[in-house]
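Undergrad: The following comprises the amino acid sequence and a computationally predicted model.
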Amino acid sequence: MLTPEMSVDMRTYLAHVELANPITTAAGCAASGAELSQFFDLARLGAVVTRSITMAPRAGRPTPRMAETPSGMLNAVGLQGPGVEVFLERELPRLVDRGARAVVSVAGGSVAEYAALARRLSDAPGVAAVEVNLSCPNVEDLGRVFARDPAASAEVISSVRATMRYDVPVIAKLAPDVADIVAVARACVDGGADALAMINTPLGMSIDVDSMRPSLAAGTGGLSGPAIRPLAVRCLWQVHAAMPGVPIVGMGGVMTGRDALEMILAGACVVSVGTALFHDPYACLRILRELEDLLKERGFERLADAVGLAHRPPGAGPRHRIDLEESSL
Amino acid sequence: MQVTGTVLTTRRVDAYHALTVVAPGIAERFRPGHFVSVAVGGPHTSMPSRRAFSVHDVKPDYGGTVELVFAVRGRGTAWLAERKARETLDLVGPLGRPFPVPRDPCTCVLVGGEYGSASLFALADTLQQRGCRVDFVLGAASADRVFGALRARRMGETTTLTTEDGSLGLRGRVTDALPSVIADARADVVYACGPMPMLRGVTAVAVEFDIPVQVSVEESMACGYGVCMTCVLPVIGDDGVTRMARSCVDGPVFRGERVRFEDIGTIPFDALGAPGGRAQEGGAHTRNVS
Ligand SMILES: Cc1cc2nc3c(=O)[nH]c(=O)nc-3n(C[C@H](O)[C@H](O)[C@H](O)COP(=O)(O)OP(=O)(O)OC[C@H]3O[C@@H](n4cnc5c(N)ncnc54)[C@H](O)[C@@H]3O)c2cc1C
Ligand SMILES: Cc1cc2nc3c(=O)[nH]c(=O)nc-3n(C[C@H](O)[C@H](O)[C@H](O)COP(=O)(O)O)c2cc1C
Ligand code: FES
């Protein structure tokens, strides 16, 4: 038994990269990182996942870009950002100076563009891992989203994997609104993904009944927040069940430590926090504290022992962790 | 900074609700033009985005209080309107770029539309302490929606009120009255806070008189501190380049003539990073990436 003063070993691994704890920001939900660092020290996070970086600067989509929905929100920001050159010149060095571990998210419109981004990042110091945002339309395939097509996803991942330095893990970020999430996940792993991240925002829409027009200028937008948590847990569950050895970054509506624990029990070894940051700038640190307390209360000495634990066969008690060796990381 | 503030008093002011909240850290750092964001719906809220409100008044009582004045619009403001004294509120602030104030005494016209005038009184105070002359032009659709008329009359050298239905002051809009106020006062600068169409009109008048104008814009916000990228509008920078600027951190106060009011709700083709625009030359085409 643990004594109350003992702390839980919160370390976790993204492939071979060790993170001090499993809580990170979600891509596109922490701008450049400087905004959050006014509130707390970014080095206290497992990692900062950057906004999705594109080759050229992007102005994004027209406003309104946001509509609140029950327990969630729709957004159509459209990857507004400074482009990879300014990112490497200004934003990444500032994250590194602050002692943050930076997971760089990348987005492109073609396989070649993802590869070009990987090439630019390859010799940049301070890239702990690359997260490939596959929820982008492929301009070479009539704008079909990569993440909906296992073969296209695999092609992107293998070209990024082939270009990126061998010691920088490549994470494939998947969308939940696909016919078979396990098929896409497997294709990405076969293409060389060292880890998977899920879920990106499923596409949603709302209509303002006063103006009788779509609430967002773009019409549709990505749904995030607690409304999508069950969808995220289902995806994590299915993918972890199919590939228990692949590290997964779980996200989708995590607002509290309990929500983070749910992701971990489903199979995530890292948990990203997005929409909760809009509500509470300290969300990541609060969630980390709550998660640690919950693990402690449940008698865990190591976070790793809880990963995927909900998959254990019925009847196996939570303390019989010996049975679970192969499904934990 | 984030503060769990206790509601001190609640009151109705014509069409508006006012809440005074004990929030020492925020009151201390406040400068005119700052806003705060409020979490709405309680601990297990179904409303994940924060609501932005200008600060009407800051007082030193109880270590520092802030007063918010608001109209009920949707679910979040309806929830706020039900708060009672001694309940707690989660506030983050002070946020945003405050109103810049002139170094030397000058004549300032302060223009407020609807509850937008709430943010002008702290500014008027600061300006007067610096020896500036302050004239007010306040307007709204109807008399009960003109906020702070009495206070403006007490503070301002002159105060002009306008209502669209003529129930108070001149019938019409603030922009109808503004040219003569600027001319009579020989104003050096205009400050404005109110709905976007009003800010556009006020800016046009100030440009006509060739005097600087500072506007405090109201864009739909989710976070209020710069991380969600939803509150953007096209603003021309010092280098002449239009960027989609965040109204929560780059604003809410902007130089009026820098805001491309006519292009709000679009991405101007010449904005930095616009689809197919100049700034994307050399980059691959990533149009419509979601
Ligand atoms: C800098 C700033 C200062 C403001 N000051 C005041 C003030 O002093 N008094 C006042 O009554 N109102 C003020 N507003 C507007 C106020 O934020 C909105 O009325 C409020 O957010 C509406 O919330 P709701 O839940 O009632 O409406 P809903 O329509 O249910 O809100 C849904 C979502 O849209 C956002 N939203 C909707 N309308 C606006 C809007 N006009 N501005 C920003 N976000 C919006 C909300 O944050 C929320 O995320 C200010 C807005 C800004 C940006
Ligand atoms: C405003 C906003 C912007 C986002 N931008 C990106 C992005 O640039 N790249 C990306 O991979 N995901 C992006 N996402 C998706 C999040 O990273 C995350 O997958 C999703 O929001 C679910 O988590 P949450 O419910 O905790 O927000 C964005 C989400 C939001 C709400
Ligand atoms: S409101 Fe989130 S960036 Fe401005």
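TA: That came through, no problem. Ligands and ions are numbered 1, 2, ... in the order given.
Undergrad: Break down the stretch 151-290 of chain B into its helices, ranges please.
TA: Assigned helices in the stretch 151-290 of chain B, in chain order: B:174-185, B:196-209 (criterion: DSSP state H, counting those that start in this stretch).
Undergrad: Quick one: closest of those helices to residue B:25.
TA: Evaluated over the helices of the stretch 151-290 of chain B, closeness to residue B:25 peaks at helix B:196-209, with 30.0 Å, by C-beta to C-beta. No exception for glycine: its C-beta is placed from N, CA and C like everyone else's.
Undergrad: Model confidence for the residue of the stretch 201-329 of chain A found nearest chain B, exactly?
TA: Residue nearest to chain B within the stretch 201-329 of chain A: residue A:278 (3.9 Å; C-beta to the nearest C-beta). Predicted confidence (pLDDT) for residue A:278: 96.
Undergrad: Check the secondary structure at it for me.
TA: Under DSSP: H, G, I helix; E, B strand; the rest coil, the three-state class of residue A:278 is helix.
Undergrad: ok so, going back, in a markdown table, list the helices of the stretch 151-290 of chain B along with mean pLDDT.
TA: Formatted as a markdown table, these follow (pLDDT from 0 to 100):
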| stretch | mean pLDDT |
| --- | --- |
| helix B:174-185 | 96 |
| helix B:196-209 | 97 |
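Undergrad: export the ones you listed to JSON lines and tack on distance to residue A:34?
TA: Shown next, in JSON lines, are these (distance: least, C-beta to C-beta, whole Å):
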{"stretch": "helix B:174-185", "distance to residue A:34": "37"}
{"stretch": "helix B:196-209", "distance to residue A:34": "28"}
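Undergrad: Ligand 3: which of those helices is closest?
TA: With C-beta to the nearest ligand atom as the criterion, ligand 3 lies closest to helix B:196-209 of these, at 15.7 Å.
Undergrad: quick one, that closest one and helix B:174-185 angle?
TA: Helix B:196-209 runs at 30 degrees relative to helix B:174-185, counting by axes from the mean of the first three to the mean of the last three C-alpha atoms, to 10 degrees.
Undergrad: Can you point out the buried residues in helix B:196-209?
TA: For helix B:196-209, the neighbour count (16 or more other C-beta atoms under 10 Å in any protein chain shown) marks B:196, B:198, B:199, B:200, B:201, B:202, B:203, B:205, B:206, B:209 as buried.
Undergrad: next one: stretch B:5-13
TA: By neighbour count on 16+ other C-beta under 10 Å, the buried set for stretch B:5-13 is B:5, B:6, B:7, B:8, B:10.
Undergrad: still on that earlier bit, residue contacts, the residue of the stretch 201-329 of chain A closest to chain B?
TA: Contact analysis of residue A:278 by C-beta atoms under 8 Å, 6 or more residues apart in numbering or on different chains lists A:29, A:73, B:48, B:49, B:50, B:222, B:223, B:227, B:228.
Undergrad: mind redoing it with 10 Å?
TA: Residue A:278 makes contact with A:29, A:66, A:73, A:75, A:224-225, B:37, B:48-50, B:221-225, B:227-228, B:230, according to C-beta atoms under 10 Å, 6 or more residues apart in numbering or on different chains.
Undergrad: ok, and which of the residues you listed reach ligand 3?
TA: Among those, proximity to ligand 3 is found for B:221, B:222, B:223, B:224, B:227, B:228, B:230 (C-beta under 6 Å from any ligand atom).
Undergrad: Just give the nearest non-adjacent residue to the second one, would you?
TA: Distance criterion C-beta to C-beta, 6 or more residues apart in numbering or on different chains; nearest residue to residue B:222, sequence neighbours excluded, is residue B:49 at 4.0 Å.
Undergrad: just for the chain, where's the confidence low?
TA: Just so you know, I chose chain A. Scanning chain A with the threshold set as pLDDT under 70 gives A:1-5, A:316-329.
Undergrad: I was thinking of chain B, sorry if that wasn't clear
TA: Ranges of chain B meeting pLDDT under 70: B:277-290.
Undergrad: Flag every residue of it that's near ligand 1.
TA: So chain B meets ligand 1 at B:35, B:49, B:51-54, B:69-71, B:73-77, B:115, B:118, B:218-222, B:252 (C-beta under 6 Å from any ligand atom).
Undergrad: and these, which are buried?
TA: With burial judged by 16+ other C-beta under 10 Å, the buried subset of those is B:35, B:49, B:51-54, B:69-70, B:75-77, B:115, B:118, B:218-222, B:252.
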